[in-house]
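>>> using only what follows, build the 3D model:
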Amino acid sequence: MQHAVGAPLPPPQGPGIGPWTHQDQHSGQPGQAGPPPPPAAPGYRPGAPQHAPVAPGPQPPAPQHAPVPPSRETTGHVQLPPGGPVPLPAPPAEPGTGAATLAVLLIGPAGAGKTTVAKLWAARRRVPTAHVSLDDVREWVCSGFADPQAGWNDHSEAQYRLARRTCGFAARNFLANGISCILDDAVFPDRPVVGLGGWKRHVGPGLLPVVLLPGLEVVLERNAARSGNRRLSDEEVARIHGRMAGWYGSGLPIIDNSTYDVETTARVLDDVLARSIASPPAW
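Numbering: from 1, shown residues only. This is a model prediction of the structure:
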């Protein structure tokens with residue numbers, strides 16, 4: 001049988017397929033030959049004893065190189081220097097904070113505008129600057145969140161300490177990679193457990209604290225515009241604001257932003273920080 005050049009090959013021959021079948025192999029009918037015998041193995045001699053072929057032994061596996069474990073100091077391809085305590089920044093050679101790499105703690109009562117001002121100040125700088133809000137970090141705990149509004153107890157204090165330590169770790173690592181960081185928190189002058197000592201311990205001696213303290217009427221108005229668990233009762237806002245007044249006479253720089261918009265407050269904050277770098281506050 002011949003097939004045209006380029007035509008598909010005929011189907012494979014096998015039992016029940018092709019020009020002969022399994023029945024034809026044993027029919028003995030003339031003109032129908034069975035399959036040809038298999039070729040003799042090399043060295044075959046008729047009548048000589050034959051030995052079963054020896055199967056080849058297992059081959060040794062190809063050498064493989066063990067993968068190199070990633071270093072503990074790398075994330076992807078970015079080398080992460082160890083984050084140590086933040087030192088005091090060098091005085092900038094231009095107005096404001098310029099290109100200085102620094103860590104800032106913006107303090108104030110609920111409704112002072114800490115988070116809004118901190119975000120704008122970080123966004124307007126000419127050098128990489130991060131913003132971390134302690135309230136945001138506390139709310140990373142979804143199930144079992146200890147809301148301080150429900151009462152300050154051992155559970156809420158433990159979660160506060162954990163959030164503060166997490167913020168400090170983030171700030172140190174940002175600065176170790178050349179990125180400034182501004183944190184915001186409602187730090188009370190009369191509560192050592194939530195005071196400046198913990199922030200200084202977790203961030204370092206180079207942390208620059210600034211207090212944002214507008215008048216009570218402004219704080220109450222801003223708090224009324226809030227929603228969810230960020231909105232406090234007027235009584236709670238007044239109580240917190242009264243305790244924050246203890247920062248007067250502490251030696252920390254205080255900004256009364258009662259009549260400032262966010263842009264102006266961020267600009268004043270930068271000037272205050274420049275003076276703090278030149279003459280760090282004692283705290």
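
>>> for the rest of this, base every contact and every neighbour count on C-alpha atoms.
Noted.

>>> mind checking the longest helix of this structure?
Among the elements of the chain assigned as helix by DSSP state H, the one spanning the most residues is helix 154-176.

>>> alpha carbons of that helix, as PDB, please.
Taking only C-alpha atoms (Å, rounded to 0.1, in the frame of the first residue of the first chain), the coordinates of helix 154-176 have been written out as PDB:
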ATOM      1  CA  ASP A 154      -5.400  45.900  81.900                       C
ATOM      2  CA  HIS A 155      -6.600  44.700  78.500                       C
ATOM      3  CA  SER A 156      -6.700  48.100  76.900                       C
ATOM      4  CA  GLU A 157      -3.400  49.100  78.500                       C
ATOM      5  CA  ALA A 158      -1.700  46.000  77.100                       C
ATOM      6  CA  GLN A 159      -3.000  46.700  73.600                       C
ATOM      7  CA  TYR A 160      -1.900  50.300  73.900                       C
ATOM      8  CA  ARG A 161       1.600  49.300  74.900                       C
ATOM      9  CA  LEU A 162       1.700  46.800  72.100                       C
ATOM     10  CA  ALA A 163       0.600  49.400  69.600                       C
ATOM     11  CA  ARG A 164       3.200  51.900  70.900                       C
ATOM     12  CA  ARG A 165       6.000  49.300  70.600                       C
ATOM     13  CA  THR A 166       4.900  48.500  67.100                       C
ATOM     14  CA  CYS A 167       4.900  52.200  66.100                       C
ATOM     15  CA  GLY A 168       8.400  52.600  67.600                       C
ATOM     16  CA  PHE A 169       9.700  49.600  65.700                       C
ATOM     17  CA  ALA A 170       8.300  51.000  62.500                       C
ATOM     18  CA  ALA A 171       9.800  54.400  63.100                       C
ATOM     19  CA  ARG A 172      13.300  53.000  63.800                       C
ATOM     20  CA  ASN A 173      13.200  50.900  60.600                       C
ATOM     21  CA  PHE A 174      11.900  53.800  58.500                       C
ATOM     22  CA  LEU A 175      14.800  56.000  59.700                       C
ATOM     23  CA  ALA A 176      17.300  53.200  59.300                       C
END
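
>>> what is the helix or strand following that helix packed up against?
Sequence order places strand 180-185 as the next helix or strand after helix 154-176, per DSSP states H and E. In terms of contact count using 3 or more Cα pairs under 8 Å, 6 or more residues apart in numbering; DSSP states H and E, strand 180-185 is assigned the packing partners strand 103-107, helix 114-124, strand 129-133, helix 134-138, helix 154-176.

>>> lovely, talk soon.
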